[in-house]
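# Attaching a predicted model along with its sequence, questions to come.
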Amino acid sequence: MAHQESSQVGNRRAFLRVMAGAATGVAAGGIPAIVAAQKAPSFPKGTRLNVLEWVSFVPASDVEFKRLAAEFGKLAGVEVTVDQINMNDLNPRIASAIETRSGPDIIMMISNWPHLYADGLADVDDVAEEIAKRDGAYYEHNRKVSVVDNRWKAVPLCSVPSTWTYRDDWFKEAGATKFPDTWDELRKVGIELKKKGRPLGQAFGHSLGDPNNWAYSVTWGFGGAETDDKGKVVINSKETIEAVKFTVAFWKDCLDEGGLAWDDSSNNRAYLAGTISGTINGASIYFVAKRQFPDIAKVTNHGHMPKGPGGRFYNIGGQGRSVMKYSKNQQVAKEFLRWFMDRPQYDKWMAANDGYVVGPTPYWEKHALWERDPKLVPFKEASKYGRWPGYPGPPSRKASEALVKYILVDMYAQAIKGMKPEDAAKWAESELKKAYA
């Protein structure tokens, strides 16, 4: 009990320290008076805060987030509710909330959505810059997707890199003692694996995570890009066509042919069922395996996205949380984000994720969890190679539209279905010009 009371006192003190840095007072006398009185800030009675999140692929993450939200509610005297929906349902919910000017006070943003919804989001410069001052500059991809016209429209939360999850026992049987470093090397191993009835797996359906991770990373890896650094559409290039040709060959030679209909959970199930030998994914497959399929976990490892002629790239838009402009509780929302991102709270949430998320600044590379399990280290390292949708151009609203319309994903899917790679690139060029018009 003494430990629990000590913890509660520590939490209150930490909360008060954070609140002392707030830009605006929330009661008569302001923050200094609240701190001097050693009381939690008094927001108006009946104040409610509603947060909309995705359903995480790591259940412990959701449990810890709800616990922390409740803890903030007690400290601040605010009723906090957390709603969670599937990742692919977030987009329409955000659009509806902005259109009707009602809904959650805080909504999770994925990749460069802050650019897509900027007009409906409040500025959070004070909170974002305070965190950067304390923990170091944000990774470039986290900053790029959150800043619109030099204003922070989201507080960076994390990144969820997707490396290759693979069966190292089966790879060794196919002649690979480590995960291949290049796409051509992976194709050679993939051919052998598919001959043995152990294909690789990749989703090409309309799902935000895995299909886009292939489409963007492979395009960049072969030297292609949807736009140049000025935002001009340049997808129809020799480099892109080579990436499409490679993908079609890889599909035939190496991949499970159900992938055209797969979403972000299909490859997880296939891997754990033993029907595929490797797939692009976050750490969630490994975590489920450790809990439910320990024999599979023992032979599971992670490898970096392979290099192509253009280099090694990861599609890591990052995640953030935005305060909605229509919210009548913007100050409370900011205080929650400030408190959550402070080290004592964020540390607990990151630990609950067990390597599934990477912090938004290099400070979190020092977290003890990376030392506990070396199999997770590629996730930490992936941020060095992270790029944003629209790269090398800006992660603009137009780049967001291209992302959510799955233009690059469909370019590859149509070629897999039989369209000539050159025609697929021309089709993508036409669609991107509409999005970037």
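In hand now; what should we look at? Owing to the predicted nature of the structure, the values given are computational and were not obtained by experimental measurement.

# Now the element after the lowest-mean-pLDDT helix or strand in the chain, going C-ward?
The helix or strand of the chain with the poorest confidence is helix 30-37; it has a mean of 38 (mean pLDDT, DSSP states H and E). Counting by DSSP states H and E, the next helix or strand C-terminal to helix 30-37 is strand 48-54.

# Going by neighbour count, which residues in that following strand are buried?
49-54 (16 or more other C-beta atoms under 10 Å). (Glycine included, C-beta is placed from N, CA and C.)

# With pLDDT as extra columns, can I get those residues in CSV?
Formatted as CSV, these follow (pLDDT from 0 to 100):
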residue, pLDDT
Leu49, 98
Asn50, 98
Val51, 98
Leu52, 98
Glu53, 97
Trp54, 95
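
# quick one: the strands in the stretch 201-350 of the chain?
Per DSSP state E, counting those that start in this stretch, the stretch 201-350 of the chain carries strands over the ranges 278-281, 300-303, 314-315, 319-323.

# Looking at those strands, which is nearest to Glu242?
strand 314-315 (18.4 Å; C-beta to C-beta).

# follow-up on the earlier one: among the strands of the stretch 201-350 of the chain, which is nearest Glu192?
Using C-beta to C-beta, those put strand 278-281 closest to Glu192, at 12.2 Å.

# what's the closest one packed up against?
strand 163-167, helix 210-221, helix 266-272 (3 or more C-beta pairs under 8 Å, 6 or more residues apart in numbering; DSSP states H and E).

# list the buried ones in the helix or strand that the first one is followed by?
Using DSSP H and E, the next helix or strand after strand 163-167 towards the C-terminus is helix 168-173. Judged by neighbour count using 16+ other C-beta under 10 Å, the buried positions of helix 168-173 are 168, 170-171.

# which of these lies closest to Ile280?
Checking the buried residues of helix 168-173 one by one against Ile280 (C-beta to C-beta), the nearest turns out to be Phe171, at 15.1 Å.

# Name all residues that make contact with the closest one.
179, 189, 193, 277-278 (C-beta atoms under 8 Å, 6 or more residues apart in numbering).

# okay, now Thr100: neighbour count?
Neighbours of Thr100 under the rule other C-beta atoms under 10 Å: 9.

# Hmm, I typed the wrong one, I wanted Ala249.
So Ala249, with other C-beta under 10 Å, has 12 neighbours.

# Spatially nearest residue to it (excluding sequence neighbours)?
Nearest residue to Ala249 in three dimensions, chain neighbours excluded: Arg187, at 7.1 Å (C-beta to C-beta, 6 or more residues apart in numbering).

# Touching, the one you found and Asp253? I think so.
Yes: the pair Arg187 / Asp253 is scored as a contact, 6.3 Å apart, by C-beta atoms under 8 Å.

# Okay, now the unreliable bits of this structure?
The chain contains residues with pLDDT under 70 at 1-42.

# okay, now the domains of it?
For the chain, automatic domain parsing gives the domain ranges 15-25+45-160+317-372, 163-315+405-435.

# re the thing from before, so which of the buried residues of strand 48-54 comes closest to Ala270?
Of the buried residues of strand 48-54, the one sitting nearest to Ala270 (C-beta to C-beta) turns out to be Trp54, at 21.8 Å.

# So in terms of bridging, what pairs with the closest one?
Ile85 (DSSP bridges).

# Next: Pro156.
Gly320.

# Report the contact partners of it.
With C-beta under 8 Å, 6+ apart, Pro156 has these contacts: 128, 131, 138, 142-143, 146, 318-320, 360.

# Out of those, list just those in strands.
319-320 (DSSP state E).

# still on that earlier bit, and the one helix or strand the residue nearest to Ala249 maps to, C-alpha only, in PDB?
Arg187 belongs to helix 183-195 when assigned by DSSP H and E. Taking C-alpha atoms only, helix 183-195 is exported to PDB below (Å, rounded to 0.1, in the frame of the first residue of the first chain):
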ATOM      1  CA  TRP A 183      15.300  -7.300 -53.300                       C
ATOM      2  CA  ASP A 184      17.100  -9.500 -55.900                       C
ATOM      3  CA  GLU A 185      18.500 -11.700 -53.200                       C
ATOM      4  CA  LEU A 186      15.100 -12.000 -51.500                       C
ATOM      5  CA  ARG A 187      13.600 -13.100 -54.800                       C
ATOM      6  CA  LYS A 188      16.100 -15.900 -55.100                       C
ATOM      7  CA  VAL A 189      15.300 -17.200 -51.700                       C
ATOM      8  CA  GLY A 190      11.600 -16.600 -52.300                       C
ATOM      9  CA  ILE A 191      11.700 -18.800 -55.400                       C
ATOM     10  CA  GLU A 192      13.100 -21.700 -53.300                       C
ATOM     11  CA  LEU A 193      10.600 -21.200 -50.500                       C
ATOM     12  CA  LYS A 194       7.700 -21.200 -52.900                       C
ATOM     13  CA  LYS A 195       8.900 -24.400 -54.500                       C
END
